[in-house]
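Enquirer: here are the coordinates; sequence isn't available:
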């Protein structure tokens, strides 16, 4: 059971329900399938828990038979959909200013992800990372919604001359990837082996372009009302072991170190280690468990040799992989693969 206290405003999913209703979908049935009361969407300040988001996404995809709903929801989200923060973002001086403000207050938009923005000499990087464990389909829905909403919002800001930049999404290229190619000049890249999340890379020329509705005083007034910026670290509250395991699994067999994960979460490796120990867990054990799961799945499919599986899982020597696999499974990778082939034949 997911005990997370993090929430997402219902306003974004109200857009989805309105869109599906206009397409002829029975949204009352959809909400019944998700076991969510329609009244939850009547209040502008309503929120959904992670489990409710998952139930809603699963029900919507099942009822419509579509796998591109995250894309469509992202296209509908405008900056003013973010309530008071949205108007402050519209009033920023340039994209660098906007991204800095968004990263400080992203928890007002979506508590299931965190946003980190860094500016360097040649440009800037915005990284959106999940902070709760969620099923793969819900993760992909959320990533598509975030990535496409950023593109849609920036396109509206620069209607006549939309900026070009790169978006890297940690997921396989979706069946509807052709829709992404029509979002030029933005370039979308898909990598199912990366840690879950989205990375947006922009050059300095894009970041420093002035925004058409800049009103610095509006931004100042917003920050005054917020008193002091809330530093929102990506702390999973449904269990660190569950969260770390999800991140490792979503890397699809790629070797991920504790330091890799700490950099993505923008916290120290010691913080992750300390919180895992509170649950009587160790990162190394979780990593080995996930690598073993990946090895079993890859060997069972039978479309790769033992040496290829070893290489993909980060073993420099197939013999080392064989010894590690035997310690876990009580048999060699070749024997396991033969048994899996026999089961498929049967």
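Expert: Cool, the structure landed. Owing to the predicted nature of the structure, the values given are computational and were not obtained by experimental measurement.

Enquirer: all contacts plus neighbour counts: C-alpha atoms, from now on.
Expert: Noted.

Enquirer: how about the backbone phi and psi for residue 167?
Expert: Dihedral pair for residue 167: phi -120, psi 120, per degrees, to the nearest 10.

Enquirer: give me the beta-bridge partners of it?
Expert: Per DSSP bridges, the residues bridged to residue 167 are residue 188, residue 200.

Enquirer: for it, give me its contacts.
Expert: By C-alpha atoms under 8 Å, 6 or more residues apart in numbering, the contact list for residue 167 reads 147, 186, 187, 188, 189, 198, 199, 200, 201.

Enquirer: which outside residues touch stretch 8-19?
Expert: So stretch 8-19 is contacted by 27, 40-41, 44-50, 73, 76-77, 81, 109-112 (C-alpha under 8 Å, 6+ apart).

Enquirer: go through those and flag which are in strands.
Expert: The strands, defined by DSSP state E, take in 47, 48 from those.

Enquirer: may I see the ChimeraX selection of the buried members of the contacts of stretch 8-19?
Expert: With 16 or more other C-alpha atoms under 10 Å as the criterion, this ChimeraX line picks the buried residues out of the contacts of stretch 8-19:
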select :27,41,47,48,49,50,73,76,77,109,110,111,112
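
Enquirer: so which of the contacts of stretch 8-19 sit within helices?
Expert: Those of the contacts of stretch 8-19 mapping onto helices are 27, 50, 73, 76, per DSSP state H.

Enquirer: now, the most widely separated pair of these?
Expert: Within the ones in helices among the contacts of stretch 8-19, 50 and 76 form the most distant pair, 21.1 Å apart (C-alpha to C-alpha).

Enquirer: SS state for the residue nearest to residue 337 when sequence neighbours are not counted?
Expert: Distances taken as C-alpha to C-alpha, 6 or more residues apart in numbering place residue 299 nearest to residue 337, at 5.4 Å, with adjacent residues excluded. Put simply, residue 299 is helix when judged by DSSP: H, G, I helix; E, B strand; the rest coil.

Enquirer: residues in contact with residue 299?
Expert: Counted by C-alpha under 8 Å, 6+ apart, residue 299 has contacts 305, 306, 309, 333, 336, 337, 340.

Enquirer: what about stretch 35-50, how long is it end to end?
Expert: 14 Å (C-alpha to C-alpha, to the nearest Å).

Enquirer: what does it contact?
Expert: So stretch 35-50 is contacted by 2, 4-11, 14, 28, 31, 52, 55-56, 112, 132, 134 (C-alpha under 8 Å, 6+ apart).

Enquirer: and that stretch, average pLDDT?
Expert: Throughout stretch 35-50, pLDDT has a mean value of 86.

Enquirer: tell me where the model's unsure across the chain.
Expert: The model of the chain has pLDDT under 70 over residues 1-5, 44, 227-238, 250-254, 266, 346.

Enquirer: which residue sits closest to residue 103 in space, ignoring its chain neighbours?
Expert: With C-alpha to C-alpha, 6+ apart as the criterion, residue 103 has its nearest non-adjacent residue at 5.1 Å, and that residue is residue 115.

Enquirer: the helix or strand that that neighbour is a member of: partners in the sheet, and parallel or antiparallel?
Expert: Element membership for residue 115 (DSSP states H and E) is strand 113-119. Partners of strand 113-119 in the sheet, by DSSP bridges, are strand 123-130 (antiparallel).
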